[in-house]
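Asks: Model the structure of this input:
(2 chains)
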Amino acid sequence: AQSVTQLGSHVSVSEGALVLLRCNYSSSVPPYLFWYVQYPNQGLQLLLKYTSAATLVKGINGFEAEFKKSETSFHLTKPSAHMSDAAEYFCAVSESPADRGSTLGRLYFGRGTQLTVWP
Amino acid sequence: GAVVSQHPSWVICKSGTSVKIECRSLDFQATTMFWYRQFPKQSLMLMATSNEGSKATYEQGVEKDKFLINHASLTLSTLTVTSAHPEDSSFYICSAKTDRTSNSPLHFGNGTRLTVT
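Replies: Predicted structure coming up:
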């Protein structure tokens, strides 16, 4: 079974500082991993996804994430935070085709990390 | 592309009444849509998977008679909260995939804030 753990429910950084949001996964088969961003009272927007191609994935808004199998991690980073990055970020894992009897498309979400950016 | 429209964005209803939430895929056909519920400051909980032309698949613990899902066309799924109670107040979000593969992302609607008084 898949699961995702996001370390740190709140992260605060200064504008221009490095953003690091942590995500560790648990999966018995090679996973597909996603990062989503949610602004207040809105749905989720896909930032980036890992689907067993390049381990370093670049997404929108300057974000990127690196898949590290040895550490079962998929941390999200951005070199320089902007005020507009303040939002809730969710890491998610999808069932891969290797799962028998899976419902394709089901995502398992972490609890989310609230990013605050100080001026 | 891949826009999902959810309506209404917010609704207030009295206890005991029913509320219908619509989820439309505007520029693609979605054979499968997913309904999530999000409590304040918490993650998304998958409620059910909506399959076009067939019965929805509900997650364990979700009352199918209370949360009625209809997926009558390839672009529309509806969630009806029947006999709503204050504990049903929540943020409901629908999502859809453009294809059935696991590595394609979900596209989310903007959610519906339901308040039951």
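
Asks: got a list of contacts for the worst-scoring helix or strand of chain A on mean pLDDT?
Replies: Least confident helix or strand of chain A, by mean pLDDT, DSSP states H and E, is strand A:107-109 with a mean of 83. Outside of strand A:107-109, the residues within contact range by CB atoms under 8 Å, 6 or more residues apart in numbering or on different chains are A:2-4, A:34, A:36, A:90-94, B:34, B:43-44, B:46, B:106. Every C-beta, even on glycine, is put in place using the N, C-alpha and C of the backbone.

Asks: Could I get the pLDDT score of residue B:102?
Replies: Here the pLDDT value assigned to residue B:102 is 56.

Asks: Run through the residues of chain B sitting next to chain A.
Replies: Proximity of chain B to chain A (CB under 8 Å from any CB of the partner chain) is limited to residues B:4, B:6, B:9, B:32, B:34, B:41-44, B:46, B:49, B:57, B:91, B:93, B:95, B:97, B:100-111, B:113.

Asks: Pull the contacting residues for residue A:2.
Replies: Neighbours of residue A:2 in contact, by CB under 8 Å, 6+ apart: A:25-28, A:31, A:93-95, A:108.

Asks: So which residues of chain B form strands?
Replies: Listed in chain order, the strands found in chain B under DSSP state E are B:4-7, B:10-13, B:19-25, B:32-38, B:44-51, B:57-58, B:67-73, B:76-81, B:90-96, B:107-108, B:112-116.

Asks: which one of those strands lies closest to residue A:41?
Replies: In terms of CB to CB, the element of these nearest to residue A:41 is strand B:112-116, at 6.5 Å.

Asks: gap between that closest one and the chain center?
Replies: Its chain's C-alpha centre and that of strand B:112-116 lie 12 Å apart, by CA atoms, centre = their mean, to the nearest Å.

Asks: residues of that strand that come out buried?
Replies: If you call a residue buried by 16 or more other CB atoms under 10 Å in any protein chain shown, then strand B:112-116 has these buried ones: B:112, B:114, B:116.

Asks: Next: stretch B:83-92.
Replies: B:84, B:88-92.

Asks: same thing with stretch A:83-90?
Replies: Judged by neighbour count (16+ other CB under 10 Å), stretch A:83-90 contains these buried residues: A:85-90.

Asks: Please compute how far it lies from its chain's middle.
Replies: With CA atoms, centre = their mean, you get 12 Å for stretch A:83-90.

Asks: Who are the contact partners of the one residue sitting closest to the centre of chain B?
Replies: When CA atoms, centre = their mean is applied to chain B, the residue found nearest the centroid is residue B:35 (3.4 Å). Residue B:35 makes contact with B:23, B:46-50, B:67, B:69, B:77, B:79, B:92-94, according to CB under 8 Å, 6+ apart.

Asks: burial count for the closest residue to it other than its chain neighbours?
Replies: Nearest residue to residue B:35, sequence neighbours excluded (CB to CB, 6 or more residues apart in numbering or on different chains): residue B:47, at 4.6 Å. Close neighbours of residue B:47, defined as other CB atoms under 10 Å in any protein chain shown, add up to 24.

Asks: can you tell me which residues contact residue B:47?
Replies: Counted by CB under 8 Å, 6+ apart, residue B:47 has contacts B:35-37, B:58-59, B:62, B:67, B:79.

Asks: nearest to chain A, of those?
Replies: Nearest to chain A out of the contacts of residue B:47 is residue B:36 (CB to the nearest CB; 8.3 Å).
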